[in-house]
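K.L.:
Pasting the sequence and the predicted model now:
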Amino acid sequence: MAKFEMDTEFIAKLAKLLEDTHLGEIELADGDRRIRVARPAVNVTAAPMAMAAPMAAAPIAAAPAAAGGGDAAAHPGAVKSPMVGTAYLAPEPGKPNFVAIGDKVAAGQTLLIIEAMKTFNPIKAPKAGTVSQILVENGGPVEFGEPLMVVE
């Protein structure tokens, strides 16, 4: 097996990218070689969770769509959660949601954010289209692979 050479400058760039984008980790693979750069986990206490409660109490325009979400996972336009966490439809309390049902979105546009281990991860549209369903509640828990929205 060939020796794996470390490019510390490249690793530093990946670490900077983590910091700038507020992602939890980045993993790259090239053949048999893999590199994973992750931010340290932060212990969650009860106090920060109490601060999130007012956000969950905000009016939820997506609640009716959530009831019909059973077969949404099979929909070709389903945007699924890449992680376990808490979904937020707006960038912060009191701000408008990133998107609403009927909105046209561009590929790469932020649809919502998922908080996981005190890191806010933007969930972006995988393709351009129209948001036809919002399947999660603001401030609600999400599981890995759970359908979040449908973009047609």
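P.N.:
Received the coordinates, thanks.
K.L.:
switch to C-alpha atoms for all contacts and neighbour counts from now on
P.N.:
Will do.
K.L.:
so what secondary structure elements neighbour whichever strand or helix holds Gln133?
P.N.:
Gln133 belongs to strand 129-134 when elements are defined using DSSP states H and E. With contacts taken as 3 or more C-alpha pairs under 8 Å, 6 or more residues apart in numbering; DSSP states H and E, strand 129-134 sits against helix 63-67, strand 104-105, strand 147-151.
K.L.:
Lowest average confidence across the ones you listed, which one?
P.N.:
Ranked by mean pLDDT, the helices and strands packed on strand 129-134 bottom out at helix 63-67, with a mean of 41.
K.L.:
Moving C-terminal from that one, which element do we reach first?
P.N.:
For helix 63-67, the following helix or strand on the C-terminal side (DSSP H and E) is strand 78-80.
K.L.:
contact partners of that next one?
P.N.:
The contact list for strand 78-80 (C-alpha atoms under 8 Å, 6 or more residues apart in numbering) reads Ala72, Ala73, Ala125, Pro126, Phe144, Gly145, Glu146, Pro147, Leu148, Met149, Val150, Val151.
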